[in-house]
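> from the sequence below, what's the structure:
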Amino acid sequence: MKIENYVRDIQGFPKEGILFKDITPLLNDPIATKKCLSILVDSLKGQKIDKVVGAESRGFFFGILLAQELNAGFVPVRKPKKLPYEIISASYELEYGTDTLEMHTDAIKKGDRVLIHDDVLATGGTAKAVCELVEKLGGEIVQCNFLMELTFLNGRQKINEHPIFAAITY
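The predicted structure follows:
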């Protein structure tokens, strides 16, 4: 079973000129989802993980599954004003401006071994901001883990000081 067969291309979404990689067919198939989860977990080679940090919003899908599989806590990283407790934030560049991500200040303890997960590594801005949040709180990043990597966008360069794994590369 090839999990890439469960990712469909949507031309012109969310705007013209973009080829969107839609993972909803993957999420809709329980066997493909289990296979993908297995691939992501196997990439860790049995390393101990204390927390899985999932980036809003598609990083939540497999992030929570990874946390359960690894017997780790799950930490959501959200867009501004979505978290109810004390937060820290990190901003990052987009093609058309900047955006910000937030995390609760008590989400990561100093020395926690952290897996960062998101659906796609594209330009690397989101992943870099999440890494900054984890490191501000004293977490040790074990791996940055993605369903897909769009290699032509060179996002890996922004986080290459950390181990990186993508189940599918384009």
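
> element containing the residue nearest to Arg58 when sequence neighbours are not counted, please.
Leaving out its chain neighbours, the residue that sits closest to Arg58 by C-beta to C-beta, 6 or more residues apart in numbering is Asp119, at 3.8 Å. All C-beta atoms are positioned from the backbone trio N, CA, C, and that covers glycine. Assessed by DSSP states H and E, Asp119 sits inside strand 113-121.

> before we move on, the earlier item: count of residues packed around the residue nearest to Arg58?
If you count neighbours by other C-beta atoms under 10 Å, Asp119 ends up with 22.

> mind checking how far it is from Tyr92?
As judged by C-beta to C-beta, to the nearest Å, Asp119 and Tyr92 stand 16 Å apart.

> which pLDDT value goes with the residue most central in space within the chain?
Nearest to the geometric centre of the chain sits Asp118, at 1.6 Å (C-alpha atoms, centre = their mean). According to the prediction, Asp118 has pLDDT 98.

> isn't Phe20 up against Arg58?
No. Using C-beta atoms under 8 Å, Phe20 is not in contact with Arg58, being 11.3 Å away.

> compare these two (neighbour count), which wins?
Neighbours per residue (other C-beta under 10 Å) separate Phe20 from Arg58, with Arg58 holding more: 17 against 14.

> residues contacting that one?
Counting by C-beta atoms under 8 Å, 6 or more residues apart in numbering, Arg58 touches 23, 118-120.

> wait, is Gly111 part of a strand?
No. The assignment for Gly111, made by DSSP: H, G, I helix; E, B strand; the rest coil, is coil rather than a strand.

> thought Gly138 was touching it, still the case?
Yes. Here Gly111 reaches Gly138: they are 6.5 Å apart, a contact under C-beta under 8 Å.
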